[in-house]
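Q: model the structure of this input:
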Amino acid sequence: MPDALPGLFLGQSDTAQPENLLFNRANRHGVVAGATGTGKTVTLQIMAQGFSDAGVPVFCADVKGDLSGISQIGTPNEKLVARATEMGLTLTPRAAPVVFWDLYGQKGHPIRTTVSEIGPVLMARMLNLNEVQEGVLTVVFHVADKEGLLLLDLDDLRSLLVYVGENAERIGREVGNVAPASIAAIQRALLQVEQQGGDAFFGEPALKLEDMIRVGLDGRGQVNVLDSTRLMNSPRLYAAFLLWLLSELFEQLPEVGDPEKPRLVFFFDEAHLLFNDAPRALLEKVEQVVRLIRSKGVGVYFVTQNPADIPDSVLAQLGNRIQHALRAYTPSEQKGLKAASQSFRTNPAFDTAEAIQALGVGEALVSVLDEKGAPTVVARTRIRPPASRLGPATDAERAAIMAASPVRGLYDQVLNRESAAEILANRHSAADQAAVQAKARAEAEKAAQIQAKADEKAAQAAAKAQAQAEARASRTTAAAPRRSTRETPIEAMTKSVLRTAGSTLTRELMRGILGGLKKR
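A: Now for the predicted structure:
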């Protein structure tokens with residue numbers, strides 16, 4: 001029976017041999033490739049549920065919404081039952097233990113992280129900044145670290161950009177020139193991300209990895225399904241988020257070497273979005289994470305249309321390969337087909353390039369690592385049918401899964417503790433208050449000075465008026481005519497006549513008096 005064989009049963013080759021992905025080689029990473037509609041999503045669903053049944057937690061992105069069916073019990077049709085019977089497989093319909101996640105918090109539990117955790121490199125990638133603008137963003141993060149300003153959400157980053165712009169001269173002397181044009185460009189890019197709903201991704205409570213790396217009481221690993229139907233409208237945000245999650249796993253998980261089975265298997269769907277127009281620094285980061293995260297017990301599987309979408313430095317580290325059908329109508333497609341066929345260990349029974357083009361839906365070329373770590377000879381394989389539902393879960397079914405989720409209520413409410421935006425706002429408020437008080441003091445001092453000058457002028461005016469009055473009074477006194485002591489001729493003649501008359505009268509009187517005395 002295929003179920004009794006070691007590893008994850010992928011399907012049966014055209015030589016009736018089972019193709020199994022060994023669990024102790026699953027952390028050597030892999031790729032699932034193929035054109036649209038050839039069965040990549042079903043293969044991903046089979047692998048995710050197979051790892052879960054083996055007690056391995058899984059993270060995968062649901063780009064089209066179809067993968068949500070893994071949370072529901074399958075209802076296989078006659079065709080699927082017949083295929084299982086041909087493979088000697090007992091198909092038991094079963095749902096996987098699923099937790100739904102959604103960056104926007106609509107079709108799953110919200111996922112958040114802080115701006116500080118994302119870092120300047122991924123943030124620059126998300127904002128599509130050029131090299132100069134990325135350098136300015138790095139300065140902003142440096143200032144935040146130096147001044148103890150927490151960058152939790154986009155409001156914090158926006159406030160710090162304003163702060164750096166206002167203090168560009170001082171900061172520029174310390175860490176290099178900060179051009180106002182670059183600040184403005186970053187602010188515009190932030191506005192675009194915010195309008196796309198990206199602001200919901202930044203904040204607290206931030207995601208705890210242990211809430212994804214869970215194993216249930218029944219021994220099955222938790223399957224984390226990220227609803228990406230809306231997220232795909234912001235491809236840079238999607239790619240930056242998944243790379244951040246990989247980086248967090250790499251930084252936080254301890255070294256375990258090569259375990260019997262992975263601690264977590266990570267499926268990166270639409271992987272080409274990570275590498276399109278990516279700067280060299282980002283490609284080096286991806287290569288480093290993929291190369292080193294293996295020793296943390298994490299297996300990374302890139303899901304894409306063509307292996308040529310993945311850089312050779314990364315593709316060389318992907319030991320387990322599942323290739324669905326490719327079409328090669330254009331020269332670039334033919335080049336991709338050739339590269340895909342040459343990446344397999346040759347099977348003398350068929351031409352690999354021709355086989356890739358001739359594969360039907362539900363068929364794939366499979367090459368996995370054997371016990372010695374060497375790739376097996378490529379085999380044309382019919383992929384096994386899934387035990388869970390083919391097709392999406394309904395809204396009601398999704399809601400029921402979320403209601404019974406082990407992380408229900410942990411991330412629903414947004415926290416907004418004091419961070420850069422609040423600290424800088426308080427600084428501005430204190431500065432504004434101090435400025436108002438200083439202005440009031442200055443105005444009071446100015447008013448006092450004006451009043452003092454007015455009083456001084458009034459006193460001077462009063463003194464001047466008094467002096468003028470005294471001067472006028474003095475001039476008036478000096479101008480009055482003094483009476484002369486000299487007698488005029490008339491006055492002298494009058495006085496002489498009067499004196500003569502008086503003297504004559506007096507003599508006559510005296511004579512009369514004396515004469516009367518004598519007669520007696």
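
Q: so, low pLDDT: which residues of the stretch 201-350 of the chain?
A: Within the stretch 201-350 of the chain, not a single segment meets pLDDT under 70.

Q: how about the strands in it?
A: Counting by DSSP state E, counting those that start in this stretch, the stretch 201-350 of the chain has these strands, from start to end: 223-227, 264-269, 298-304, 320-323.

Q: for the chain, same thing?
A: For the chain, the strands defined by DSSP state E occupy 8-13, 18-21, 30-33, 58-62, 98-102, 109-110, 223-227, 264-269, 298-304, 320-323, 363-367, 379-383.

Q: count the neighbours of the nearest residue to residue 160 once chain neighbours are set aside for me.
A: In space, and not counting its chain neighbours, residue 160 is closest to residue 420: 5.1 Å by CB to CB, 6 or more residues apart in numbering. The way it works is simple: take the backbone N, C-alpha and C, and place the C-beta from them, glycine included. Residue 420 has 26 neighbouring residues, counting by other CB atoms under 10 Å.

Q: residue 420 against residue 158, yeah?
A: No - using CB atoms under 8 Å, residue 420 is not in contact with residue 158; the gap is 9.2 Å.

Q: gap between residue 45 and residue 71?
A: Counting by CB to CB, to the nearest Å, the gap from residue 45 to residue 71 is 11 Å.

Q: can you check residue 470 too?
A: Taking CB to CB as the measure, residue 470 falls 109 Å from residue 71.

Q: what of residue 214?
A: Distance of residue 214 to residue 71, computed by CB to CB: 15 Å.

Q: if we can go back for a sec, for the residue nearest to residue 160, what are its contacts?
A: By CB atoms under 8 Å, 6 or more residues apart in numbering, the contact list for residue 420 reads 144, 149, 150, 151, 152, 156, 157, 159, 160.

Q: mind redoing it with 6 Å?
A: Applying CB atoms under 6 Å, 6 or more residues apart in numbering to residue 420 gives the contacts 149, 150, 151, 156, 159, 160.

Q: returning to that earlier point: mind checking which of the strands of the chain is nearest residue 390?
A: Nearest to residue 390, of all the strands of the chain, is strand 379-383, at 12.1 Å by CB to CB.

Q: show residues contacting the closest one.
A: Contacting residues not belonging to strand 379-383 are listed as 11, 12, 13, 14, 19, 43, 355, 362, 363, 364, 365, 366 [CB under 6 Å, 6+ apart].

Q: quick check, nearest of the residues you listed to residue 37?
A: Using CB to CB, residue 362 is the member of the contacts of strand 379-383 that sits closest to residue 37, with 11.0 Å.

Q: what sits against that closest one?
A: 39, 383.

Q: distance of it from residue 299?
A: Distance of residue 362 to residue 299, given as CB to CB: 23 Å.

Q: and residue 27, by the same measure?
A: From residue 27 over to residue 299 (counting by CB to CB), the distance is 4 Å.

Q: common neighbours of those two, please.
A: residue 262.

Q: so which of residue 45 and residue 71 has more stuff around it?
A: Neighbour tally, residue 45 and residue 71, criterion other CB under 10 Å: the higher count belongs to residue 45, 27 against 23.

Q: show the pLDDT at that one.
A: Per-residue pLDDT puts residue 45 at 96.

Q: that one against residue 387, yeah?
A: No - distance between residue 45 and residue 387: 9.4 Å, which falls outside the contact criterion (CB atoms under 6 Å).

Q: how about the CA coordinates for stretch 163-177, as CSV?
A: The C-alpha trace of stretch 163-177 is given here as CSV (Å, rounded to 0.1, in the frame of the first residue of the first chain):
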residue,chain,number,x,y,z
TYR,A,163,10.6,64.9,11.5
VAL,A,164,13.7,64.0,9.5
GLY,A,165,12.6,66.5,6.8
GLU,A,166,12.4,69.3,9.4
ASN,A,167,15.8,68.4,10.8
ALA,A,168,17.4,67.5,7.6
GLU,A,169,20.4,69.9,8.0
ARG,A,170,21.3,68.5,11.5
ILE,A,171,20.7,64.9,10.5
GLY,A,172,22.5,65.3,7.2
ARG,A,173,25.7,66.4,9.1
GLU,A,174,25.6,63.2,11.0
VAL,A,175,24.6,60.5,8.5
GLY,A,176,24.6,62.1,5.1
ASN,A,177,22.4,64.3,2.9
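
Q: quick one, helices of the stretch 101-250 of the chain?
A: Using DSSP state H, counting those that start in this stretch, the helices found in the stretch 101-250 of the chain span residues 115-127, 131-146, 154-166, 168-175, 180-195, 235-252.

Q: elements contacting the first one?
A: Translated: helix 115-127. helix 131-146, helix 235-252 (3 or more CB pairs under 6 Å, 6 or more residues apart in numbering; DSSP states H and E).

Q: would you format the strands of the chain as JSON lines with mean neighbour count and distance to residue 289 included?
A: Formatted as JSON lines, the strands of the chain follow (neighbours: other CB atoms under 10 Å; distance: least, CB to CB, whole Å):
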{"stretch": "strand 8-13", "mean neighbour count": "22", "distance to residue 289": "23"}
{"stretch": "strand 18-21", "mean neighbour count": "22", "distance to residue 289": "22"}
{"stretch": "strand 30-33", "mean neighbour count": "26", "distance to residue 289": "15"}
{"stretch": "strand 58-62", "mean neighbour count": "26", "distance to residue 289": "14"}
{"stretch": "strand 98-102", "mean neighbour count": "24", "distance to residue 289": "20"}
{"stretch": "strand 109-110", "mean neighbour count": "20", "distance to residue 289": "24"}
{"stretch": "strand 223-227", "mean neighbour count": "26", "distance to residue 289": "18"}
{"stretch": "strand 264-269", "mean neighbour count": "26", "distance to residue 289": "10"}
{"stretch": "strand 298-304", "mean neighbour count": "25", "distance to residue 289": "8"}
{"stretch": "strand 320-323", "mean neighbour count": "26", "distance to residue 289": "18"}
{"stretch": "strand 363-367", "mean neighbour count": "24", "distance to residue 289": "24"}
{"stretch": "strand 379-383", "mean neighbour count": "22", "distance to residue 289": "29"}
